[in-house]
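# give me the fold of what follows.
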Amino acid sequence: MQQLSRAMILAAGFGTRLGTLTSQRPKPMLPICGAPLVRWSVLWLRAQGIREIVINLHHLGEQIEEELGDGAALGVSIEYSREHGEILGTGGGLRRARALLDDGHDSPFVVINGKIMLDLELAPVLAHHRARAAEATMVLRPDPDAGRWGSLQLDADGDVVGMLGRVRPGASPGAPLMFTGVHVLQPRFLDRVPSTGQQCVVRTAYRSIFDQGSGFAGYVSSRYWWEHSTVERYLAGVRNVLSGAAELAHAERPLRGVDPSARVAPTAEIEGPVWVGRDVVIEEGARVGPNAQIGDGARVDAGVRVRDAVVWDGVRVSEDSVGVVRAG
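Numbers count the residues shown, from 1 in each chain. Model prediction:
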């Protein structure tokens, strides 16, 4: 069976729900255990055998280019689709990048939202996509809040028969499911995105294929998945990784612990789980953890408490930090 060889990471959003954090970094550059989200996406795709990756850019996109370059250092090839002026939306971003995704042989490609981390094997998704002769296959997950975000429902064959409150006539829909932001698409699916006007891929292309009544499949996964759209969800995502809820076999660095290069004063206290990066300094009497991520080159001053918090690279923490992100 032909494997997926191309992918796109959607990384052009503003990340407004993260408040002031995204004045410093775009959302896909939020660091988790030594790597920003967009790098985690590249590592995951590489682990799935994908070597050709497209990333769309808009808000502070130059940071993503600086982080990843052409991908050679990671053993992949990365090309960028730059969205200048008005942001295009998920559908518009895909439509613009089509020439970079379509190999001319009707080969499917995978799309992943740049704000997520996950454990998922793509091979079974592709097998389901091909078995259903699908034009588009969404990866879905059980979620108690699926209805809040706009649920989808499958029939017994794995075809999508319920979408955003609409059910296909005569169908027998299953339980509500949530879209993960990962999907496998045939290039012709992008013809369904209008060239002007609303360009949300769900409300345009997916609405079109749903109304058509065929070619729209869903694959259900209960493996680890998390999106990081708010400060609270970002902190929770870090806790998830530190607790071991995410396996992340594609990680480049340890997912928890204290780097050997860190300098921890004898009277400082470390309570796991924590992630303490390279060249970190933790001064006398400081207390770090549990659920603390201290970025490379950061410093925790004497007597300071850091718990349930994230400290970005190079930041000096001079006051107690509980349940916050210290970005500068």
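# spatially central residue for this structure, please.
Nearest to the geometric centre of the chain sits Ile116, at 2.1 Å (Cα atoms, centre = their mean).
# wait, isn't Val315 in contact with Ala298?
Yes: taking contact to mean Cβ atoms under 8 Å, the distance of 5.0 Å between Val315 and Ala298 places them in contact. For the C-beta atoms, the positions are set from N, CA and C on the backbone; glycine is no exception.
# and these two? Which one has more around it.
Ala298 (24 against 19; other Cβ atoms under 10 Å).
# backbone dihedrals for that one, please?
The phi/psi pair for Ala298 (degrees, to the nearest 10) reads phi -80, psi 170.
# wait, what's in contact with it?
Ala298 makes contact with Gly277, Val280, Val281, Val311, Trp312, Asp313, Gly314, Val315, Arg316, Val317 under the criterion Cβ atoms under 8 Å, 6 or more residues apart in numbering.
# any idea how far it is from Ser5?
Distance, Ala298 to Ser5, using Cβ to Cβ, to the nearest Å: 39 Å.
# now Gly215
Applying Cβ to Cβ, one obtains 22 Å for the distance of Gly215 from Ser5.
# so between these two, which is more surrounded?
When neighbours are counted by other Cβ under 10 Å, Gly215 comes out ahead of the other of Gly215 and Ser5, with 18 against 14.
# surely that one touches Ala136?
Yes: if you go by Cβ under 8 Å, Gly215 and Ala136 touch, sitting 6.8 Å apart.
# who's in contact with Gly244?
Applying Cβ under 8 Å, 6+ apart, one finds that Gly244 lies in contact with Leu255, Arg256, Pro273.
# counting by contacts, list what the lowest-mean-pLDDT helix or strand in the chain packs against.
Taking all helices and strands of the chain together, the one with the lowest average confidence (mean pLDDT, DSSP states H and E) is helix 146-149, at a mean of 71. Using 3 or more Cβ pairs under 8 Å, 6 or more residues apart in numbering; DSSP states H and E as the contact definition, the elements that helix 146-149 packs against are strand 177-185.
# circling back: so which of the contacts of Ala298 is the most crowded?
That'd be Val311 among these, by other Cβ under 10 Å, with 26 neighbours.
# burial measure for Gly34, as a count.
Under the neighbour criterion other Cβ under 10 Å, Gly34 is assigned a count of 20.
# so it sits against Arg253, correct?
Yes: under the criterion of Cβ under 8 Å, Gly34 is in contact with Arg253, at a separation of 4.3 Å.
# what do those two both touch?
With contacts taken as Cβ under 8 Å, 6+ apart, Gly34 and Arg253 have no neighbour in common.
# would you map the helices across the stretch 101-250 of the chain?
122-131, 146-149, 207-212, 231-243 (DSSP state H, counting those that start in this stretch).
# in terms of mean pLDDT, which of these ranks lowest?
In terms of mean pLDDT, the lowest-scoring of the helices of the stretch 101-250 of the chain is helix 146-149 (a mean of 71).
# give me the contact list for that one.
Asp143, Leu152, Pro176, Leu177, Met178, Phe179.
# before we move on, what about stretch 122-142?
Judged by Cβ under 8 Å, 6+ apart, the contacts made with stretch 122-142 from elsewhere in the structure are 1, 3-4, 48-50, 108, 110, 120, 152, 154, 157-160, 175, 177-180, 182-186, 188-189, 205-206, 209, 215-222, 225.
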